[in-house]
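Trainee: Okay, predicted coordinates and the sequence, questions at the end:
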Amino acid sequence: MAIALGLAGCAGAKAPAAPEAAPIQASAPQASRAVPSTPAPVRKAAPYVPPVVPEAARQAVVDAYEAMQKKRWTEVDRLAAAAAADPVLGIYPRYWSLRQRLSDRTLPVPEAEVQQFLADNTDAYLADRIKGDWILAAVRAGDYGRAQRIGPVVDNSSRVACAQLLAAHMSGRKARAAEVLEVYQPNSDCWDMLDQVAEDHVLSRNQLAGLLRDTLETGKDAHARRVAAIVFDTPAMVQYAALMKNPRKWLEQQTRPRNRIHAELTAIALSRLAREDDRMAAARDVEGRWAGLLPKADLEWVWGQFGLVAALNVDPDAARWYRKSGFVPMTDYNHAWEVRAELREAKIDWGRVATAIRKMSARQADEPVWRYWYGRALAAQGNQKAARQYYESIATDLSFYGQLANEELGRAPYMPTQPAPVEAALVQDARADQGLERAIALFDLGWRREAVPEWNFALRGMDDRQLRAAAELARQEHIYDRVVNTSLRTRDEVDFSQRFIAPFEGQVAAKARLIDLDPAWVYGLIRQESRFITDARSRVGASGLMQLMPATARWVARKIGMKDFKLSEVNDFDTNTVLGTQYLNMVLRDLDGSELLATAGYNAGPGRPKRWRARLQAPVEGAIFAETIPFTETRLYVKNVMSNAVYYGTLFSGQPQSLKQRLGTVAPVPGTRSALP
């Protein structure tokens with residue numbers, strides 16, 4: 001199925017679903033194959049008349065934006081009146097001013113102005129945002145009744161959800177423990193809620209202790225300390241601070257735990273030993289002195305922490321320690337790493353892989369990743385019929401594991417039928433949508449942080465055709481990340497010409513071919529790196545289509561003899577793609593021609609996949625190496641890039657592609673040094 005290069009689009013790997021329960025029952029094969037859409041009656045597109053934006057008003061918006069960033073609120077207030085004449089973006093300065101006043105606890109809540117803003121901007125994204133800000137301000141002021149009367153918020157954050165739950169709880173509807181644990185995230189508004197519900201005994205001591213354990217697992221000690229202050233009284237907090245500072249020293253002074261609090265502190269201290277340099281010695285300490293002194297469930301949790309830290313350090317002892325954890329409940333994150341630890345074993349015990357997946361919640365085990373590996377475990381144990389059911393259940397999932405499942409079934413990756421073209425009238429309707437119009441104006445100003453949520457808010461309630469029309473509008477405006485991300489929202493009309501868009505008329509492919517790189521792989525990487533946004537900039541400073549770090553760009557420019565290179569040119573299309581493809585090719589050669597390893601190296605630095613490879617106990621299939629990459633960002637990145645490359649390869653060539661063949665096999669190779677940056 002060949003599609004012209006200028007139209008090819010991206011089939012996105014789905015975000016991880018959520019966890020599932022044991023034992024797992026194979027579900028019936030999904031039958032969600034997209035079918036050709038029935039053409040809608042053609043209607044004539046109404047002419048779009050863009051609003052007239054006075055230049056002075058738009059400049060006032062821009063000036064107010066700069067003043068807002070510098071926290072010059074008096075100037076924002078002054079500019080808001082002039083900016084109001086801008087029919088597209090004029091509401092922004094007024095919103096910035098109101099938001100600031102609502103967030104300042106020393107100022108009274110400007111209720112009348114907020115109500116007027118809501119009345120003037122019904123159904124706008126910023127109206128929804130100001131409602132959320134108003135709820136937060138009301139709860140912080142103790143006005144719980146007002147917070148409840150404000151009403152629901154569409155774009156709800158954890159802060160607002162925690163504030164709403166606290167307001168309801170303080171107004172007489174006692175919060176339930178499940179609600180608290182569902183909305184809680186480590187931030188000030190959720191901590192206020194958690195303080196109150198803990199005081200009111202909504203959560204049991206075991207639930208609070210579990211929350212503390214889960215927070216400790218993240219490695220964010222400041223967040224853990226905040227939760228610990230709820231779990232422990234003052235004397236216990238003194239002990240907590242001491243064990244966090246030096247767990248071994250604290251443990252040397254302890255004997256058999258005297259009570260539940262002492263046992264909890266001891267378990268936490270033992271779990272911290274897993275983070276020490278000599279984990280083996282620490283493990284012997286747990287096995288020796290503490291094996292008979294701590295309750296079994298506490299010891300099993302400690303072993304789960306040893307397994308996790310070892311797995312994240314690609315330590316071959318990870319599986320052995322996980323096996324000591326029994327069936328103690330763990331976080332989704334930790335359950336996943338138990339499976340990965342088993343997959344990295346020199347000789348995989350597929351029965352243990354299956355058992356580890358059965359420990360998961362029903363929701364987690366139902367994710368495509370674990371359905372695939374459970375199917376593999378069943379097949380390895382001789383249950384081919386059940387394995388096929390698992391593969392079939394994810395065969396239409398447009399992701400890394402959907403592709404692998406089809407290969408296990410002896411089929412090419414699933415390709416949905418291309419739907420009928422979007423009618424011009426629907427694209428015109430999208431262009432006339434005020435929310436999308438505001439978003440485009442924000443994109444034009446380079447204000448992506450404001451533009452993206454505006455765009456996404458405008459998409460709510462759209463059906464598949466309307467979403468595809470909005471994606472086409474984004475294509476016309478050259479906002480390529482919105483083409484992909486908007487099209488990914490469709491359910492039945494799956495348009496690969498949008499999802500796997502390949503813009504720039506083959507220029508990227510031409511640069512790839514000049515140095516014998518596979519264009520499908522390069523496009524797959526760019527789709528994941530920047531979604532084809534030429535001026536994209538990451539939180540760590542990487543720039544452009546191929547997200548080059550400044551030091552790397554300079555290094556590559558010198559290596560290839562690019563004279564007069566200036567860092568200010570790194571977002572230039574030609575400069576960025578030349579430097580990016582050249583660097584990718586260097587990484588590929590440095591990693592023995594493996595696209596899998598080179599993809600990991602491009603994201604995490606070429607030395608890291610060398611270290612991960614060196615610690616393998618035996619050769620592993622590429623899918624196992626990809627799944628056991630210890631950095632979450634890199635693991636997801638590699639799977640998405642390799643999945644993208646398969647779809648691009650199919651679209652470009654018209655021939656089925658094999659993901660397994662692209663992934664290859666990774667064997668242990670000594671040496672962890674790389675000369676590349």
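Mentor: Received, thanks.

Trainee: Where do the strands of the chain begin and end?
Mentor: Residue ranges of the strands in the chain, as given by DSSP state E, are 620-621, 665-666.

Trainee: quick one, which of those strands is nearest to residue 208?
Mentor: Of all the strands of the chain, the one in closest proximity to residue 208, counting by C-beta to C-beta, is strand 620-621 (40.3 Å). Yep, even glycine has a C-beta here, placed from its N, CA and C like the rest.

Trainee: Report all helices and strands that the closest one contacts.
Mentor: The contact analysis (3 or more C-beta pairs under 8 Å, 6 or more residues apart in numbering; DSSP states H and E) places strand 620-621 against strand 665-666.

Trainee: Mind listing the strands the strand it packs on pairs with, and their directions?
Mentor: Here the strand partners of strand 665-666, with direction, are listed using DSSP bridges: strand 620-621 (antiparallel).

Trainee: got the contact list for the partner strand?
Mentor: With contact meaning C-beta atoms under 8 Å, 6 or more residues apart in numbering, strand 620-621 is reached by 343, 344, 628, 660, 663, 665, 666.

Trainee: Swap in 6 Å and give it another go.
Mentor: If you take C-beta atoms under 6 Å, 6 or more residues apart in numbering as the criterion, strand 620-621 is touched by 665, 666.

Trainee: swap in stretch 311-324?
Mentor: By C-beta under 6 Å, 6+ apart, the residues outside stretch 311-324 that reach it are 303, 306-307, 310, 337-338, 341-342, 345, 612, 615, 617, 630.

Trainee: Now the buried members of those residues.
Mentor: Among the contacts of stretch 311-324, those classed as buried by 16 or more other C-beta atoms under 10 Å are 303, 306, 307, 310, 337, 338, 341, 342, 345, 612, 630.

Trainee: Please list the members of these that lie in helices.
Mentor: Residues of the buried ones among the contacts of stretch 311-324 located in helices (DSSP state H): 303, 306, 307, 310, 337, 338, 341, 342, 612.

Trainee: and of those, the nearest to residue 185?
Mentor: The shortest gap between residue 185 and any of those belongs to residue 337, at 21.6 Å (C-beta to C-beta).

Trainee: ok, residue 158 touching residue 186?
Mentor: No: if you go by C-beta atoms under 6 Å, residue 158 and residue 186 don't touch, sitting 9.0 Å apart.

Trainee: Rebuild the ones in helices among the buried ones among the contacts of stretch 311-324 as CSV, extending it with pLDDT and distance to residue 77.
Mentor: Compiled in CSV, these are given as follows (pLDDT from 0 to 100; distance: C-beta to C-beta, whole Å):
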residue, pLDDT, distance to residue 77
303, 98, 59
306, 98, 57
307, 98, 56
310, 98, 56
337, 98, 51
338, 98, 56
341, 98, 57
342, 98, 61
612, 98, 54
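
Trainee: Which pLDDT value belongs to residue 151?
Mentor: On the pLDDT scale, residue 151 is placed at 89.

Trainee: what residues are up against it?
Mentor: Contact analysis of residue 151 by C-beta under 6 Å, 6+ apart lists nothing.

Trainee: With adjacent residues omitted, what lies nearest to residue 455?
Mentor: Take residue 455 and drop its neighbours on the chain: the residue closest to it by C-beta to C-beta, 6 or more residues apart in numbering is residue 439, 3.8 Å away.

Trainee: elements contacting the helix of greatest length in the chain?
Mentor: When secondary structure is assigned using DSSP H, the longest helix within the chain turns out to be helix 632-653. Under the contact criterion of 3 or more C-beta pairs under 6 Å, 6 or more residues apart in numbering; DSSP states H and E, helix 632-653 touches helix 400-408, helix 519-529, helix 595-604.

Trainee: Let's test this: mean pLDDT of it, rounded?
Mentor: Across helix 632-653, pLDDT averages out at 98.

Trainee: Can you list the buried residues in that helix?
Mentor: Using 16+ other C-beta under 10 Å as the test for burial, helix 632-653 gives 634-652.

Trainee: which non-adjacent residue is nearest residue 626?
Mentor: residue 638 (5.1 Å).

Trainee: and that neighbour, how far is that from residue 613?
Mentor: From residue 638 over to residue 613 the distance is 13 Å, taken as C-beta to C-beta, to the nearest Å.

Trainee: Could you do residue 101 as well?
Mentor: Look at residue 101 and residue 613: by C-beta to C-beta, they are 55 Å apart.

Trainee: who has more neighbours, the two?
Mentor: Ranked by neighbour count (other C-beta atoms under 10 Å), residue 101 and residue 613 place residue 613 first, with 23 against 18.

Trainee: and residue 188, what pLDDT?
Mentor: Reported pLDDT at residue 188 in the predicted model: 96.

Trainee: Now it: closest residue in space that isn't a chain neighbour?
Mentor: For residue 188, the nearest residue in space outside its immediate sequence neighbours is residue 159; the separation is 7.8 Å by C-beta to C-beta, 6+ apart.

Trainee: burial of the nearest residue to residue 185 once chain neighbours are set aside, as a residue count?
Mentor: With C-beta to C-beta, 6+ apart as the criterion, residue 185 has its nearest non-adjacent residue at 3.8 Å, and that residue is residue 158. Using other C-beta under 10 Å, residue 158 has 15 neighbouring residues.

Trainee: Kindly present the helices and strands packed on helix 632-653 as CSV, with separate columns for distance to residue 246 and mean neighbour count.
Mentor: Formatted as CSV, the entries for the helices and strands packed on helix 632-653 read as follows, by distance: least, C-beta to C-beta, whole Å; neighbours: other C-beta atoms under 10 Å:
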stretch, distance to residue 246, mean neighbour count
helix 400-408, 43, 24
helix 519-529, 42, 26
helix 595-604, 32, 26
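
Trainee: can you list those in JSON lines and add mean pLDDT and distance to residue 70?
Mentor: Conversion of the helices and strands packed on helix 632-653 to JSON lines gives the following (pLDDT from 0 to 100; distance: least, C-beta to C-beta, whole Å):
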{"stretch": "helix 400-408", "mean pLDDT": "98", "distance to residue 70": "44"}
{"stretch": "helix 519-529", "mean pLDDT": "98", "distance to residue 70": "31"}
{"stretch": "helix 595-604", "mean pLDDT": "98", "distance to residue 70": "34"}
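
Trainee: List the contacts of residue 344.
Mentor: Neighbour list for residue 344: residue 628 [criterion: C-beta under 6 Å, 6+ apart].

Trainee: gap between it and residue 599?
Mentor: Here the criterion is C-beta to C-beta. By it, residue 344 lies 19 Å from residue 599.

Trainee: One more: residue 331?
Mentor: Between residue 331 and residue 599 the computed distance is 27 Å (C-beta to C-beta).

Trainee: Same list, the contacts of stretch 311-324, but as TSV with distance to residue 405 please.
Mentor: As requested, the contacts of stretch 311-324 are exported to TSV (distance: C-beta to C-beta, whole Å):
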residue	distance to residue 405
303	32
306	33
307	28
310	30
337	22
338	22
341	23
342	20
345	23
612	25
615	28
617	27
630	25
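
Trainee: Just the helices from the stretch 101-250 of the chain, written as ranges.
Mentor: With DSSP state H, counting those that start in this stretch applied, the stretch 101-250 of the chain shows helices at 111-120, 125-140, 144-149, 158-170, 177-183, 188-199, 205-217, 221-231, 234-245, 247-252, listed in chain order.

Trainee: Report the mean per-residue pLDDT for the fifth one.
Mentor: Okay, so that is helix 177-183. According to the model, helix 177-183 has a mean pLDDT of 97.
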